[in-house]
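A.B. asks: Provided below are the primary sequence and the corresponding predicted coordinates.
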Amino acid sequence: MEIIGYIASVCIGLILGLLGGGGSILSIPILVYLFHMDAVIASAYSLFIVGITSFVGAVPKYKEHLVNIRTGILFGIPSIVSIFITRRWIIPAIPEIILQTSSVVITKRILLLGMFSILMILASASMIRGKRELQKDDDRFRTFLVLIEGILIGFLTGLVGAGGGFLIIPALVLLTGLPFKTAVGTSLFIIAINSLVGFLGDVMNYSMNWSFLLSITVLAIIGILIGNKLSGSISNIKLRKSFGWFVLAMGCWILIKELVL
């Protein structure tokens with residue numbers, strides 16, 4: 001299973017390069033189900049893998065003028081603060097057994113992976129429907145929404161250990177009106193910052209297997225370089241809908257895996 005895990009690690013970067021998000025949608029299941037890691041530690045490793053890989057992927061996007069730095073900073077600053085607080089203090093405070101009765105046991109793992117899958121399913125809807133973005137008639141209101149969205153996504157992605165691209169991209173497209181490919185590049189920039197800041201909170205709480213972590217990260221970087229090359233030949237609409245269906249499928253699979261199987 002570990003060999004499959006290493007091969008699948010390339011796909012983490014491939015998805016990031018093509019869609020600007022979704023790396024954690026693969027990295028967390030790979031770490032949990034193929035490398036048999038604890039869900040909390042897997043979420044910490046995922047932040048590092050996705051953060052470094054996204055940074056590498058954002059550089060060529062920036063050179064192609066597909067990164068909106070202003071939007072990235074506006075969205076990223078409140079998100080950074082929120083994700084660091086969540087990873088540093090809130091996650092360690094959650095008990096291993098959330099609820100236990102004679103017939104039901106809700107563990108920390110079920111809570112985190114369950115929330116992760118539900119967020120994925122909800123986030124996929126706007127991308128699949130192709131919902132139109134807000135009208136550009138009130139920049140102050142839109143700026144306020146972006147700030148609030150940044151705080152909420154920072155908290156949610158910090159809670160589940162995801163880079164947040166599957167939430168960030170719909171927010172950027174719908175709230176700021178960015179074209180999908182620009183939203184992809186900007187998302188990589190935001191994910192890199194969010195993930196690495198969130199990982200700093202984990203370094204203070206857990207010990208890391210750096211050789212394993214770096215080997216997975218290198219494979220993911222190879223994937224994102226391939227994904228960046230391929231993305232230029234695919235239309236915005238196809239990428240957007242593909243992203244939505246991919247997120248929906250993975251969200252349903254994780255939910256079924258944790259709650260039913």
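C.D. replies: Alright, I've got the coordinates.

A.B. asks: quick one: contacts for Ile148?
C.D. replies: Counting by CB atoms under 8 Å, 6 or more residues apart in numbering, Ile148 makes contact with Pro78. Glycine gets a C-beta too; all of them are placed from N, C-alpha and C.

A.B. asks: nope, Trp253 is what I meant
C.D. replies: Contacts of Trp253 (CB under 8 Å, 6+ apart): 29, 117.

A.B. asks: repeat for Phe180
C.D. replies: Residues in contact with Phe180, defined by CB under 8 Å, 6+ apart, are 169, 173, 236-237, 239-240.

A.B. asks: now for the least confident helix or strand in the chain by mean pLDDT, which elements pack on it?
C.D. replies: One helix or strand of the chain scores below all others by mean pLDDT, DSSP states H and E: helix 165-171, with a mean of 78. Judged by 3 or more CB pairs under 8 Å, 6 or more residues apart in numbering; DSSP states H and E, helix 165-171 is in contact with helix 2-19, helix 23-29, helix 108-129, helix 139-160, helix 180-203, helix 236-259.

A.B. asks: could you redo the last one with a cut-off of 7 Å?
C.D. replies: On a contact count with 3 or more CB pairs under 7 Å, 6 or more residues apart in numbering; DSSP states H and E, helix 165-171 meets helix 108-129, helix 139-160, helix 180-203.

A.B. asks: Could you provide the contacts of Phe180 in a markdown table, with additional columns for distance to Ala183?
C.D. replies: A markdown table is the format used below for the contacts of Phe180 (distance: CB to CB, whole Å):
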| residue | distance to Ala183 |
| --- | --- |
| Ile169 | 5 |
| Val173 | 5 |
| Asn236 | 9 |
| Ile237 | 13 |
| Leu239 | 10 |
| Arg240 | 9 |
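
A.B. asks: Widest-spaced pair of those residues?
C.D. replies: By the measure CB to CB, those have their two most distant members at Ile169 and Ile237, which lie 13.9 Å apart.

A.B. asks: And those two? Which one has more around it.
C.D. replies: Between Ile169 and Ile237, counted using other CB atoms under 10 Å, the more crowded position is Ile169 (31 against 10).
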